[in-house]
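**Student:** need the 3D shape of this:
(4 chains)
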4 protein chains.
Amino acid sequence: MCRWFAYIGSPVPIETFLLQPGHSLIDQSLNARMGVLTTNGDGFGLGWYNDIGGPGLYRSTAPAWNDQNLRELATHVTSHAFFAHIRASTGTPIQQTNCHPFRHGRWLWMHNGVIRDFERMHRDLVIEVDPKLFNNIQGSTDSEVMFYLALTMGLTENPIAAVERMAGIVEQIAERNGVENPLKMSLAVSDGERLWAFRYASGGDAPSLFHTTDVETLRILYPDNPRLEEVSESSRMIVSEPLTEFTGVWNEIEESSCCIVQGTYISPRSFEPCR
Amino acid sequence: MCRWFAYIGSPVPIETFLLQPGHSLIDQSLNARMGVLTTNGDGFGLGWYNDIGGPGLYRSTAPAWNDQNLRELATHVTSHAFFAHIRASTGTPIQQTNCHPFRHGRWLWMHNGVIRDFERMHRDLVIEVDPKLFNNIQGSTDSEVMFYLALTMGLTENPIAAVERMAGIVEQIAERNGVENPLKMSLAVSDGERLWAFRYASGGDAPSLFHTTDVETLRILYPDNPRLEEVSESSRMIVSEPLTEFTGVWNEIEESSCCIVQGTYISPRSFEPCR
Amino acid sequence: MCRWFAYIGSPVPIETFLLQPGHSLIDQSLNARMGVLTTNGDGFGLGWYNDIGGPGLYRSTAPAWNDQNLRELATHVTSHAFFAHIRASTGTPIQQTNCHPFRHGRWLWMHNGVIRDFERMHRDLVIEVDPKLFNNIQGSTDSEVMFYLALTMGLTENPIAAVERMAGIVEQIAERNGVENPLKMSLAVSDGERLWAFRYASGGDAPSLFHTTDVETLRILYPDNPRLEEVSESSRMIVSEPLTEFTGVWNEIEESSCCIVQGTYISPRSFEPCR
Amino acid sequence: MCRWFAYIGSPVPIETFLLQPGHSLIDQSLNARMGVLTTNGDGFGLGWYNDIGGPGLYRSTAPAWNDQNLRELATHVTSHAFFAHIRASTGTPIQQTNCHPFRHGRWLWMHNGVIRDFERMHRDLVIEVDPKLFNNIQGSTDSEVMFYLALTMGLTENPIAAVERMAGIVEQIAERNGVENPLKMSLAVSDGERLWAFRYASGGDAPSLFHTTDVETLRILYPDNPRLEEVSESSRMIVSEPLTEFTGVWNEIEESSCCIVQGTYISPRSFEPCR
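**Tutor:** This is a model prediction of the structure:
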């Protein structure tokens, strides 16, 4: 299991949220609290959007807490939308091509969770991927196969419907292979302008997921917090686990639901795999 | 294109042939003469057999000429059969799982060459792999897919027939996809006791390949060479390009042929893809 | 702070003690119990002696739990004396030249602990190193400087006296720089035939250190343990923290003491820095 | 010996000069023409200035031609002043802390060349470094020691005088150690607003060095070149070897000289070590 966070809003130096908070993702790489594993040291990834075309990717197999280049990048690059992910491998090799986020055109995808008994269903799953996309799969994770299944199902046209179809395919193939409760996922998807987050598990007990309260409310709650001055009112974060212990900041996203973040609004929706 | 060599015979420290010769594989990593590329800096691999169960693998993405651990290993490990390979990527990522040799049980496989337009045929090729073996494919190279196709075709039972069938499948799928002259290969396969080497290209012009003259003859030619004293009479090497410039040592293996190295004998055979 | 173990005795595959025990060093890299830090993911090192000249070194900046090459090596190399070390950096960069063990000729050195305020005393300390040895310092750790100070003080002639003088120099320079309680160390030194272990801290509270009970006694305690059948009666281990929870196996080495392991004997001695 | 280039002028995506030119630095990493070595595969570094505080560093031990993260960074980061460097080690280890550029506060430093017999003079040279700066030396190269010597001699106050004194110290210590013609260097130094370049060798035969013709003239010569439209009239580059074969673009910097690049002007000066 992994940890991740996604930010969308006004441009900030990436470090503002990646390095500075007390229980930042870098701290979580050594001391995660809500995951199954406390250490997430099997690779790191950063995907960011800015004016220069995009998104850019930085992925590394070094543990995040060790990575000098990551600190430099986070300190010297600004972005209005970025994904950060720390990996705890569930078995597949430690290599850049297995690090999240994954990218296709303007789209980024990252995932915390697992397809149970993936090794048994791997072949059946990749055969469902659009042959034109097949050769773009570069690594060997379940997460990347999920991305290419969702792309096959029309992710760039209708993200929520495509993810529901992807989840449906996984559950269908699992059934055929006799795998129970195959899917656990907390998922982030973006095209640089909108951000979608999904929380779901086939048998319940989905990975934790939170979104931040709107900035206007937060400024009333915390009038002296310097980070709140740096961001606009339309800024939001989605996180695997809270980055700070401030009351009123973090709101749990319900199981079997997803949400769209755009402008100041977070629109929640129910989520159901579609066969 | 890559460079490789394979040794089988009496146990020697690996460095005897990996580091010491004038135009050793390490030297070839910077200054290959017969390949398409002079620099082979996209990863390295060593596979070795000895008494402690086998074969062991050391694979690294650092250029071979830089790799301190490789020098240590080569100096402090002895082996009676080992493969060494330096990689020049033809496009797939630089990662350990893409470094040769590949291993399955007691079997090692390494390759110099290419499947042309592999990205177009990738999906068709992996679908031919035995579903039970599919999930063992860890990387994204054409070479590893060739290995799993050969295993599917019975490599561990009858290596030559299996490689002929593998080449047949590749050419058949290429035909279906409109790819001409799809296969170029020089290939080494071993189970630790025997060594098979293959040289073939669909349209001719296969990568270079050489075997050494028998040790007894070499000792008459070069009575003072210390390396010849270290090895038994049954020792042989197969190489992509000669490691030294000594006359009478290196014998070209013909195109469209293969050979079995066992004991003092090298048995040549013709090679023809089987559809 | 780091974790380490040292083995000397009859030749065994390195994995016997590196990978197999329940709380092996690899397990400690994720879940150390007695150190200040639970994660030791800032590099790994293995140094081993066998017949082929030596010692060999394998050092890597990947976390030990991730490192495929380490598993291969441990499984396919036997040794009668080896050191293994997992690093938790106290600030210096993550690079191979900062990974233990350090080597000079036939001597290996590894360390858990710290010189407090090392950055303030770094220059004063290296100036004390024999100018002929100075350029052999390859990394930037306090541990390697301690090694070269001990070599300067005659380590290869009289290890205990040399380490006592090294500790004396560190404390003297610390005093001059106004640094209190500068030295914390648990230290292993070997020439492949004997093994020295040291436990000391300037102000008390030295890092934990244990040696195993003699094999003959252990066989009476644990008649069915397969690992005890693989090793001779002269085999011993020194460890930062116990590898298993078996009663009667692990004996604490006292603070301000050292011991020499040779043949079946462990000779304890008191240790006192010498100015 | 290494290859490098430095850019100062109007903000451009780093790739404009790092990746796009025909004989770009990435191409030079495989196929250098003017250096002693054709392959520069022992590490890479990028240092860049932009508005977000200064300078950022990306350094990696992977060969530049392999490094996906470098391509991402170069494509998604803009800068008005940046240094890029590919390393061919003259013996010191391949590690990030040995990769150029080196940084101190707002200052960047990179070097192509060598201090002959550095291992013999290493200790004498570092002793000349200001004790307050000593512990900032993180790697083991001659180039970094030269940087800290220059900083000791007042680099941030008067760069040219400081580098002349640094060269003087090296030659003086060489003389004392019986080393002839100790220094060969082409050097770039910047604070983000100005750029200094130095070309010198103790016994003559300094590494090659070139600066670009002013942009106004180049636009007359090459009215259709798109890269010339992206940059302002005050943009300049200093390079180890020309990035393209266009006539009239590259002007050799003379041996024993240096130049200051600021605004549209390049001011040449003679350079002489000062003892």
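**Student:** please tell me how far the residue of the stretch 101-250 of chain A found nearest chain C sits from B:I127.
**Tutor:** Among the residues of the stretch 101-250 of chain A, A:S140 lies closest to chain C, at 13.7 Å counting by C-beta to the nearest C-beta. (Each C-beta comes from the backbone N, C-alpha and C, glycine too.) Distance from A:S140 to B:I127, counting by C-beta to C-beta, to the nearest Å: 17 Å.
**Student:** between these two, which one's more packed in?
**Tutor:** A direct count of neighbours by other C-beta atoms under 10 Å in any protein chain shown for A:S140 and B:I127 places A:S140 higher, at 22 against 14.
**Student:** list the contacts of the more buried one.
**Tutor:** Taking C-beta atoms under 8 Å, 6 or more residues apart in numbering or on different chains as the contact definition, A:S140 lies against A:92-93, A:97-98, B:97, B:137-139.
**Student:** now do the contacts for A:P273.
**Tutor:** Contacts for A:P273 (C-beta under 8 Å, 6+ apart) come out as A:164, A:167-168, A:170-171, A:183, A:200, A:202.
**Student:** which strands and helices sit next to the least confident helix or strand in chain A by mean pLDDT?
**Tutor:** When the helices and strands of chain A are compared on mean pLDDT, DSSP states H and E, helix A:25-31 comes out lowest with a mean of 73. Of the remaining helices and strands, those touching helix A:25-31 by 3 or more C-beta pairs under 8 Å, 6 or more residues apart in numbering or on different chains; DSSP states H and E are strand A:3-13, strand A:78-86.
**Student:** nearest to chain C, out of the ones you listed?
**Tutor:** strand A:78-86 (12.3 Å).
**Student:** the following helix or strand past the closest one and chain B in contact?
**Tutor:** Heading C-terminal from strand A:78-86, the first helix or strand you meet, by DSSP states H and E, is strand A:102-104. No. For a cut-off given as C-beta under 8 Å from any C-beta of the partner chain, strand A:102-104 has no contacts with chain B; the smallest distance is 13.3 Å.
**Student:** alpha carbons only: can I get the helix or strand following strand A:102-104 in PDB?
**Tutor:** Moving toward the C-terminus from strand A:102-104, the next helix or strand (DSSP H and E) is strand A:107-115. The C-alpha coordinates for strand A:107-115 follow below in PDB (Å, rounded to 0.1, in the frame of the first residue of the first chain):
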ATOM      1  CA  TRP A 107      -3.600  12.800 -18.000                       C
ATOM      2  CA  LEU A 108      -2.100  11.700 -14.700                       C
ATOM      3  CA  TRP A 109      -3.200   8.700 -12.700                       C
ATOM      4  CA  MET A 110      -2.100   7.500  -9.200                       C
ATOM      5  CA  HIS A 111      -3.300   4.800  -6.900                       C
ATOM      6  CA  ASN A 112      -3.100   3.400  -3.500                       C
ATOM      7  CA  GLY A 113      -4.500  -0.100  -3.100                       C
ATOM      8  CA  VAL A 114      -4.200  -3.500  -4.700                       C
ATOM      9  CA  ILE A 115      -5.800  -6.000  -7.100                       C
END
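**Student:** pLDDT at the residue of the stretch 101-250 of chain A closest to chain C, what is it?
**Tutor:** Per-residue pLDDT puts A:S140 at 94.
**Student:** any idea how far it is from B:Q138?
**Tutor:** From A:S140 across to B:Q138, the span is 6 Å (C-beta to C-beta).
**Student:** quickly list what's touching both of these two.
**Tutor:** Residues touching both A:S140 and B:Q138 (C-beta under 8 Å, 6+ apart) are A:93, B:97.
**Student:** which parts of chain A are helices?
**Tutor:** Listed in chain order, the helices of chain A (DSSP state H) span residues A:15-18, A:25-31, A:68-76, A:118-127, A:131-134, A:142-152, A:159-177, A:215-221, A:226-230.
**Student:** what's the most buried one of those?
**Tutor:** Neighbour counts averaged per stretch over the helices of chain A are highest for helix A:142-152, at a mean of 24; criterion: mean count of other C-beta atoms under 10 Å in any protein chain shown.
**Student:** do that helix and chain B come into contact?
**Tutor:** No. Taking C-beta under 8 Å from any C-beta as the criterion, helix A:142-152 and chain B are apart, separated by no less than 11.3 Å.
**Student:** what packs against that helix?
**Tutor:** Using 3+ C-beta pairs under 8 Å, 6+ apart, helix A:142-152 sits against strand A:102-104, strand A:107-115, helix A:118-127, helix A:131-134, helix A:159-177, strand A:183-190.
**Student:** one step back: could you redo the contacts of A:S140 as CSV and give each row neighbour count?
**Tutor:** What follows is these, written out as CSV (neighbours: other C-beta atoms under 10 Å in any protein chain shown):
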residue, neighbour count
A:T92, 20
A:P93, 20
A:T97, 24
A:N98, 24
B:T97, 24
B:I137, 19
B:Q138, 17
B:G139, 22
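**Student:** so which of those is the closest to A:T264?
**Tutor:** Within the contacts of A:S140, proximity to A:T264 (C-beta to C-beta) peaks at A:N98, which comes in at 35.5 Å.
**Student:** wait, A:V170 touches A:P182, no?
**Tutor:** Yes. At 5.8 Å, A:V170 and A:P182 qualify as touching, with contact defined as C-beta atoms under 8 Å.
**Student:** shared neighbours, the two?
**Tutor:** Once C-beta under 8 Å, 6+ apart is applied, the residues that A:V170 and A:P182 both contact turn out to be A:115, A:121.
**Student:** distance of the residue lying closest to A:T217 once chain neighbours are set aside from B:P226?
**Tutor:** Taking C-beta to C-beta, 6 or more residues apart in numbering or on different chains, and ignoring the residues beside it in sequence, A:T217 has A:G248 as its nearest neighbour in space, at 7.6 Å. As judged by C-beta to C-beta, A:G248 and B:P226 stand 78 Å apart.
**Student:** okay, now A:G178: neighbour count?
**Tutor:** Counted with other C-beta under 10 Å, A:G178 comes out at 8.
**Student:** the closest residue to A:A161 other than its chain neighbours: neighbour count?
**Tutor:** Counting by C-beta to C-beta, 6+ apart, A:G154 is the residue found nearest to A:A161 once chain neighbours are left out, at 6.7 Å. The number of residues packed near A:G154 is 14, by other C-beta under 10 Å.
**Student:** quick one: the residue nearest to A:T217 and chain B, what's the gap?
**Tutor:** Using C-beta to the nearest C-beta, to the nearest Å, A:G248 is found at 44 Å from chain B.
**Student:** and what of A:I137?
**Tutor:** In this structure, A:I137 and chain B are 8 Å apart, going by C-beta to the nearest C-beta.
**Student:** for that residue, give me its contacts.
**Tutor:** Counting by C-beta under 8 Å, 6+ apart, A:I137 makes contact with A:126, A:129, A:144-145, A:148, B:140.
**Student:** quick check: bridge partners of A:N112?
**Tutor:** Going by DSSP bridges, A:N112 is paired in beta bridges with A:S186.
**Student:** which pLDDT value goes with A:A201?
**Tutor:** Model confidence at A:A201, given as pLDDT, is 97.
**Student:** who in the stretch 1-150 of chain A is up against chain B?
**Tutor:** So far as C-beta under 8 Å from any C-beta goes, the stretch 1-150 of chain A lies against chain B at A:93, A:95-97, A:119-120, A:122-123, A:126-127, A:131, A:134-135, A:137-140.
**Student:** so what's A:H80 closest to, chain neighbours aside?
**Tutor:** Nearest-residue entry for A:H80: A:P11, 4.5 Å, with adjacent residues in sequence omitted and distances by C-beta to C-beta, 6+ apart.
**Student:** quick one: that neighbour from chain D, how far?
**Tutor:** The spacing between A:P11 and chain D, counted by C-beta to the nearest C-beta, is 10 Å.
**Student:** that residue contacts A:S79, correct?
**Tutor:** Yes. Under the contact definition of C-beta under 8 Å, A:P11 touches A:S79, with a separation of 6.2 Å.
**Student:** identify the contacts common to those two.
**Tutor:** By C-beta under 8 Å, 6+ apart, A:P11 and A:S79 have these common neighbours: A:N50.
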